[in-house]
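**Student:** pasting the sequence and the predicted coordinates here, then a few questions.
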Amino acid sequence: MNDVQSKESWEKIAMNGPLTHPVVIRGDQSGWDDVGHRVTGRKGKNFGFFDAVHGIGLRAAVNVTTSERSTPRHRHIFDQVRFILKGKVKYGREIYNEGDCIYLPEGVPYGPEDASVCEEKLGLTMQFPGPARFPKPHPEELKRAQKELAQIGRFDGGVFVWPDGRKQDGSEAVTEYLMGDNIKYPPPRYSDIVGMRSKNHPWQPLKGASGVSVKHLGYFNDVGPNIKLVKIEPGASTQPGSAPCQQVRYIIEGEAIYEDERYQAVSCMYYPAHAPYSATSSDNGTTLLVMQLASPELDPPPYCLI
Amino acid sequence: MARVDPFKDPIKGPLIIREDEGPTRGSSHRGGGRQSKLFGFNDPEHGITVRASIARYTPERLNPRHKHVDEVVRYFYRGGEIYGKDVLQEGDCIYIPEGVSYGPTRTADGYDENRRIVFHFPGPSGLKTPVVPEVLRAQKEMPEKGLGRFEKGIFVWADGRKQDSFEAIHEYLTGGKVQYPEARYHDYVIMRQGKFPWVPLDDVAGVKVRHLGFFNERGPNIKIVKMDPKSETPAGKASFLQVRYILEGEISYESEIYAAVSCMLIPAGAAHSSTSTSTGATLLVIQLGVSGGKPPDFCSI
């Protein structure tokens, strides 16, 4: 790995920078937390990736959600991509199953989220500035806001109850507390969240990389996300290179090898825009969820550069 | 540009059809309340089996919830239409993937009519859908043979069974049950294109793009392109098929002027000339990879 450093320092770099070269965070490295303002039914671990100096701020996480979890219908000022690894979840009237990927654009209401459709769901979440470029707050800032807000009112079943009894979506209350102002949601570009059934998309051979194939799930906006699944057969390898865009690559199945280190599912890689990256290979086969986003300077992702 | 019948002749190069040049289609298997102009384009020998049209719908027209074996992109040109829980209004664009149910649809409250631009094309599974002459024949023959009747968008079989009228026609023509492809997306995708920003097109002065969405491994790649007065898009040759609807203004192509609404088809692998405009124009561009070809680039206009 570039700038050889201890695993602990990679994790620190992922959360605070400087993100000037690829980092890979193991699923077992970053610790699990009970998560946040929705109070119950979710444990998660944040992989990162935040570097204010270089204009990078996105949250990549893996979460286990239990059936008690409920979230009111709400929206965000940022974009999200979610992927269901195991179990299922219901948003509104629609049930999303294992292998489903969901793009939740900024400003688009979704939910209520009903987790009671299964005992436990394992899923990936990526939250990042949408086309309106509202910055994604650092998890430590969110924790602080949540703690301080809990001294003013209380979080209850996904909503925040103010001392005067007024109820507000928990995430919205936290965001407004941090902003010190009312949220002005960006006008939605899409009318609804977009659910992609990845199991029904075919694998397409990746040009120039024998044994590597791709599922093209969707490319949205002028800045992405460009969302793909990548399968690396045993003994195969992706090409090294550099890309004009940011990339998050989750190892969701099997084991990947990057610069002689082995990473099991679920681990998470981040490649800054324009930074050279090495090949990714696998002895026994692996599947990656790849999400590409415009660079901080807004260079868009190419259609298919893996 | 040589005169080519977009339904009967070989399509080997770019074609542009003006709205008043295409054949008109009125009432259909879904009943009255629709008047459409067909731009084209059908040349199976050269791999072109798409349907581009502009249609005017009135509140008389009701379409039941249904799905297709092919795919559709629609652009709402004037007025509004209700799709189940959603209302599509002027400037909205919708992608309806193969195998995804949608509707019921009807003209939105407060409008006397809605005008929509329609592009039907084979989806990624490549399943064939009946073409217009086949549909018209079935529409005539099914009642004549006493099989049943068309009523408000559905076909009522002689035994009282009800079925989406297009599905009934499809099964009449093929003699078997329609096999729908597994849906890759949970639902259709509505793109409120007026909310997307204009992004300058690299190396082409005065031309901007709205990137609405790129779906599947071969498209559709859907964009809106705005050409300022006296601007020009470059000539070129692409390995994918393109349709370019002139939505507003007018363009000049090989010394001919085409006003809104006209429709240009550029077959995969065909060279095309530059497109210019003296007074400005806005285009809806849909790009589609073809069997054995390369997928569209993210942004190549």
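**Tutor:** Structure received. Numbers count the residues shown, from 1 in each chain, chains lettered A, B, ... in the order given.

**Student:** the nearest residue to residue B:121 once chain neighbours are set aside: what's it in contact with?
**Tutor:** Spatial nearest neighbour of residue B:121, excluding adjacent residues (Cβ to Cβ, 6 or more residues apart in numbering or on different chains): residue B:50 at 4.4 Å. Just so you know, the C-beta spots here come from the backbone N, C-alpha and C atoms, and that holds for glycine as well. By Cβ atoms under 8 Å, 6 or more residues apart in numbering or on different chains, residue B:50 lies in contact with B:40, B:41, B:42, B:119, B:120, B:121, B:122, B:241, B:243, B:265.

**Student:** in a strand, that's where the second one is, yeah?
**Tutor:** This points to residue B:41. Yes - when DSSP: H, G, I helix; E, B strand; the rest coil is applied, residue B:41 is found to be in a strand.

**Student:** okay but it is in contact with residue B:15, surely?
**Tutor:** Yes - Residue B:41 lies in contact with residue B:15 (Cβ atoms under 8 Å); the separation is 6.9 Å.

**Student:** anything in contact with each of these two?
**Tutor:** In contact with both residue B:41 and residue B:15: B:6, B:265, using Cβ under 8 Å, 6+ apart.

**Student:** follow-up on the earlier one: distance check, the residue nearest to residue B:121 against residue B:179.
**Tutor:** Going from residue B:50 to residue B:179 by Cβ to Cβ, to the nearest Å gives 21 Å.

**Student:** quickly list what the residue in chain A positioned nearest to chain B is bridged to.
**Tutor:** Residue nearest to chain B within chain A (Cβ to the nearest Cβ): residue A:195, separated by 3.1 Å. Judged by DSSP bridges, the bridge partners of residue A:195 are residue A:102.

**Student:** that one: how many residues sit nearby?
**Tutor:** 22 (other Cβ atoms under 10 Å in any protein chain shown).

**Student:** ditto for residue A:113
**Tutor:** 18.

**Student:** from residue B:195, how far off is residue B:72?
**Tutor:** 22 Å.

**Student:** so which of these two has more stuff around it?
**Tutor:** residue B:72 (20 against 16).

**Student:** phi first, then psi, for the more buried one.
**Tutor:** Backbone torsions of residue B:72, given as degrees, to the nearest 10, read phi -140, psi 140.

**Student:** which intervals of the stretch 201-301 of chain B have sub-threshold pLDDT?
**Tutor:** For the stretch 201-301 of chain B, applying pLDDT under 70 flags no range at all.

**Student:** so which bits of it are right by chain A?
**Tutor:** Residues of the stretch 201-301 of chain B lying close to chain A by Cβ under 8 Å from any Cβ of the partner chain are B:209-211, B:213-217, B:295-299.

**Student:** start and end of stretch A:48-61, how far apart?
**Tutor:** Terminal residues of stretch A:48-61 lie 8 Å apart, using Cα to Cα, to the nearest Å.

**Student:** list the buried residues for that stretch?
**Tutor:** Buried positions in stretch A:48-61, judged by neighbour count with 16 or more other Cβ atoms under 10 Å in any protein chain shown: A:48, A:49, A:50, A:51, A:55, A:56, A:57, A:58, A:59, A:60, A:61.

**Student:** longest helix anywhere in the chain?
**Tutor:** The chain I'm using is chain A. helix A:139-150 (DSSP state H).

**Student:** not quite, I wanted chain B
**Tutor:** helix B:132-144.

**Student:** just the strands in the stretch 1-150 of chain A please.
**Tutor:** Taking DSSP state E, counting those that start in this stretch to define them, one finds strands in the stretch 1-150 of chain A at A:23-25, A:33-34, A:42-51, A:56-66, A:70-71, A:79-86, A:89-91, A:94-96, A:100-104, A:113-114, A:120-128.

**Student:** so how far is the fourth one off the chain centroid?
**Tutor:** This means strand A:56-66. Remark: strand A:56-66 is offset 5 Å from the chain centroid, using Cα atoms, centre = their mean, to the nearest Å.

**Student:** that strand pairs with which strands, parallel or anti?
**Tutor:** strand A:42-51 (antiparallel), strand A:120-128 (antiparallel).

**Student:** so which of those is the most packed in?
**Tutor:** strand A:42-51 (a mean of 22; mean count of other Cβ atoms under 10 Å in any protein chain shown).

**Student:** list phi and psi for residue A:152.
**Tutor:** Dihedral angles (degrees, to the nearest 10) for residue A:152: phi -100, psi -50.

**Student:** now the two most distant members of the buried residues of stretch A:48-61.
**Tutor:** A:55 and A:61 (20.5 Å; Cβ to Cβ).

**Student:** next, give phi and psi for the residue found closest to residue B:155 once you drop the neighbours it is linked to in the chain.
**Tutor:** Beyond its immediate neighbours in the sequence, the residue positioned closest to residue B:155 (Cβ to Cβ, 6+ apart) is residue B:168, lying 3.7 Å away. Main-chain dihedrals, residue B:168, degrees, to the nearest 10: phi -60, psi -40.

**Student:** residue B:168: what's it in contact with?
**Tutor:** By Cβ under 8 Å, 6+ apart, residue B:168 lies in contact with B:29, B:142, B:148, B:154, B:155, B:157.

**Student:** so what's the residue count around residue B:179?
**Tutor:** Residue B:179: 10 neighbours (other Cβ under 10 Å).

**Student:** ramachandran angles for it?
**Tutor:** The phi/psi pair for residue B:179 (degrees, to the nearest 10) is phi -100, psi 100.
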